[in-house]
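> Sequence plus predicted model, see below.
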There are 2 protein chains.
Amino acid sequence: MIKLGPGAVIGILGGGQLGRMLAMAAAQLGYHTHIYCPDERNPAEQVTDRLSRNCYTDEAALIKFAKQVDVVTYEFENIPVASVEILRQHVPVFPSADVLRVSQDRLQEKDFLNDIGIDTAPYKAVSTEIEAQEALKIIGFPAVLKTRRLGYDGKGQAIVKNSEELPKAWAKLNSHEIIIEAFIPFDMEISVLAARGQDGDIKCFDPAENIHKNHILDLSIAPARITPERRQQAVAIARKIVAELDYVGVLAVEFFVSSAAPIFRVNEIAPRVHNSGHWSIEACPTSQFEQHIRAICGLPLGDTSLYGRAEMKNLIGDDIHDMDLYLKDPDANFHHYGKKHARPGRKMGHVTRILPTVK
Amino acid sequence: MIKLGPGAVIGILGGGQLGRMLAMAAAQLGYHTHIYCPDERNPAEQVTDRLSRNCYTDEAALIKFAKQVDVVTYEFENIPVASVEILRQHVPVFPSADVLRVSQDRLQEKDFLNDIGIDTAPYKAVSTEIEAQEALKIIGFPAVLKTRRLGYDGKGQAIVKNSEELPKAWAKLNSHEIIIEAFIPFDMEISVLAARGQDGDIKCFDPAENIHKNHILDLSIAPARITPERRQQAVAIARKIVAELDYVGVLAVEFFVSSAAPIFRVNEIAPRVHNSGHWSIEACPTSQFEQHIRAICGLPLGDTSLYGRAEMKNLIGDDIHDMDLYLKDPDANFHHYGKKHARPGRKMGHVTRILPTVK
């Protein structure tokens, strides 16, 4: 177990809004941050002490970075595992390369979950269109084809309602590493942000209910509008996942919730802070960002109870131009990620409202 | 009126913890910050986009800085007025040079307050020890001698209980710009953080009760434990001050509160965010730091209502080493200013607790 005090330098791979909010949480606790990101004018560099603008595969730059920091973490799971393998020879990296490997591959991820007795949608990995046709006979229709790697926000996915639709979907995904999942009707999508410290202590945030628009998260509501008993069950599953992974840091677990058994199916896990937990900045004594920093620095985990009912709305693309409306709303906490251009589909900021629980 | 949108650059004179927390608030709203500070390894440079490490009196550096930013503000009132006069020729500066001039001189400050009908302790300006002896005959004992300029945290002050104590006090202060104030017994010290926008809108935070230890703020409690009516009266005085000054930004007003009339006497004003308002980060929808950024950028002022009763404790010198205690306390929000050495009397961080108002 490593314990880092204020003044230590936290290296963060990735310079997006998650890296930005991690850097601000780290600063509040007295840490320096060093952002490693190839992108020019990335959101995190505006609030960090030090910056390396290098490729994730530049071995010499990675080693130099590793020697300048006391611990490394990352803000997104598409960092090459090989890069983390290089870094870990010089500096502790949390979450571990093993966790990263599992979460980068939908097949390994689902195999892991099923192995520890956690339900997912039925699935099958295929590498040719012929294998896919065979798999669909077992999985049934509608089904979802997903690339095993590098998918996000609905990208790398295609729904097939019958076998005639397969060729087009197959061509669209253009990959030989495909997983076919049964399309599961569900009542609600929720997520649990779970944190595990280096000492094995686990603390979870209340499950959030997630509502998507155009395959992008639109709204997170915490706590999710399911019974307290159901919320406890979801938290128990998230606790099991971080414990089984020997995880260190914050991890997001996305669930589909159905009225019929199995009530909870895990859709995916993300080894990082997550968009569906941004409300924790204002709604909890400890935010998901501070919690992640506490975990990787060997500090005690913080309290995650809710001050009140929280609603987080993503501001996508032109939504950001409604800024003045939110600034005038006494209940709204407005966050702008410092991105210059409001391209369609781009996450530009978010707004959190806290309402008293009695409402 | 200037209105700056996200992406604009806010120049901040001063790189201490106030500049640091201003920079983080500015980043949350999507602004870039440029810290101007002569000190090596200052707390604010860890969270800012750009940095000028120059003297406050370096005219060429000031002009260069002014041309790189869209607005300038400051985190402490001992910036030379001449420097602000240079800057304002190139870029808007809030609060104004006029306000700065008044607040830098205890005599001008008290004259201004009395002129607009606000009570202070009785006072008299003197420049020689003989004048001081004469003034003390009118002011009476005990009295407080203060240097007119550059005092803070009890520095530049001496109490005299009788005329025999004057020579020593006079020698200690070693200045020809002295103000002698009557020593007013008081029940409580409170402060009001008032914000005024460029459009003249005024919003005040709840008055905080301030408890000092060794002449340094130890504890701020919001709302101050006086009647709601008294709190309104204090807020009305603060509103009057920012209105009369045509002020833009956040200003702190410190009061002595007595049971006998005049109930409120203003002790001093500070044209900036203030230590006694740090609880607003967690306890209010809009913090004093965000409010100041909103005001100087021409955004609408935010809501300042309290989520609950707030207590802010300063961590001075070695207090910071109790960090783990605070991290384990579920009600505590811990802030470390990123300073390396915990020298005695140095403000190293603070802790805010929010308790439900029903308690």
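Ah, there it is.
> Can you classify residue A:320 as helix, strand or coil?
helix (DSSP: H, G, I helix; E, B strand; the rest coil).
> neighbours around the closest residue to it other than its chain neighbours, how many?
The shortest distance from residue A:320 to any residue other than its chain neighbours is 3.8 Å, reached at residue A:348 (C-beta to C-beta, 6 or more residues apart in numbering or on different chains). C-beta coordinates here come from the backbone N, C-alpha and C atoms, glycine included. As a burial measure, residue A:348 scores 26 neighbours (other C-beta atoms under 10 Å in any protein chain shown).
> Contacts only, for residue A:348.
Contacts for residue A:348 were tallied using C-beta atoms under 8 Å, 6 or more residues apart in numbering or on different chains; they are A:315, A:316, A:317, A:319, A:320, A:336, A:337, A:339, A:342.
> Off-centre distance for the helix or strand the first one falls within?
Assigned by DSSP states H and E, residue A:315 belongs to strand A:309-316. On the basis of C-alpha atoms, centre = their mean, to the nearest Å, strand A:309-316 sits 16 Å off its chain's mean C-alpha point.
> contacting residues around it?
A:208, A:213, A:216-223, A:275-276, A:278-280, A:282-283, A:322, A:344-357, A:359.
> among those, which ones are buried?
A:208, A:216-217, A:219-223, A:275-276, A:278-280, A:282-283, A:346-354 (16 or more other C-beta atoms under 10 Å in any protein chain shown).
> Distance of the residue in the stretch 201-350 of chain A that chain B sits nearest to relative to residue A:323?
Closest contact between the stretch 201-350 of chain A and chain B, by C-beta to the nearest C-beta, is at residue A:336 (2.8 Å). Distance of residue A:336 to residue A:323, given as C-beta to C-beta, to the nearest Å: 7 Å.
> Next, show the common contact partners of these two.
Common neighbours of residue A:336 and residue A:323 (C-beta under 8 Å, 6+ apart) are A:349, B:6.
> between the two, who's got more neighbours?
Legend: neighbour count by other C-beta under 10 Å for residue A:336 and residue A:323, higher for residue A:336 (23 against 20).
> Domain map for chain A?
With domains defined by automatic domain parsing, chain A comprises A:9-93, A:122-182, A:188-355.
> Now for residue A:95, how many residues are close by?
27.
> Please apply the same query to residue A:94.
Residue A:94 has 22 neighbouring residues, counting by other C-beta under 10 Å.
> How about residue A:329?
Using other C-beta under 10 Å, residue A:329 has 16 neighbouring residues.
> In contact with it, which residues are there?
Residues near residue A:329 by C-beta under 8 Å, 6+ apart: A:351, A:353.
> What does it show for phi and psi?
Main-chain torsions, residue A:329, degrees, to the nearest 10: phi -80, psi 120.
> so what's residue A:85 up against?
Contacts of residue A:85 (C-beta under 8 Å, 6+ apart): residue A:97.
> quick check, it in a helix?
Yes. Residue A:85: assigned to a helix according to three-state DSSP.
> Phi first, then psi, for residue A:27.
Here is the backbone geometry of residue A:27 (degrees, to the nearest 10): phi -60, psi -40.
> Can you read off the pLDDT for the closest residue to it other than its chain neighbours?
Spatial nearest neighbour of residue A:27, excluding adjacent residues (C-beta to C-beta, 6+ apart): residue B:47 at 4.9 Å. On the pLDDT scale, residue B:47 is placed at 96.
> Can you report how many residues lie near residue B:47?
Residues near residue B:47, counting by other C-beta under 10 Å: 28.
> Quick check: beta-bridge partners of the residue in the stretch 51-200 of chain A positioned nearest to chain B?
Here the stretch 51-200 of chain A gets closest to chain B at one residue, residue A:51, 10.2 Å apart by C-beta to the nearest C-beta. Note on residue A:51: beta-bridge partners residue A:35, judged by DSSP bridges.
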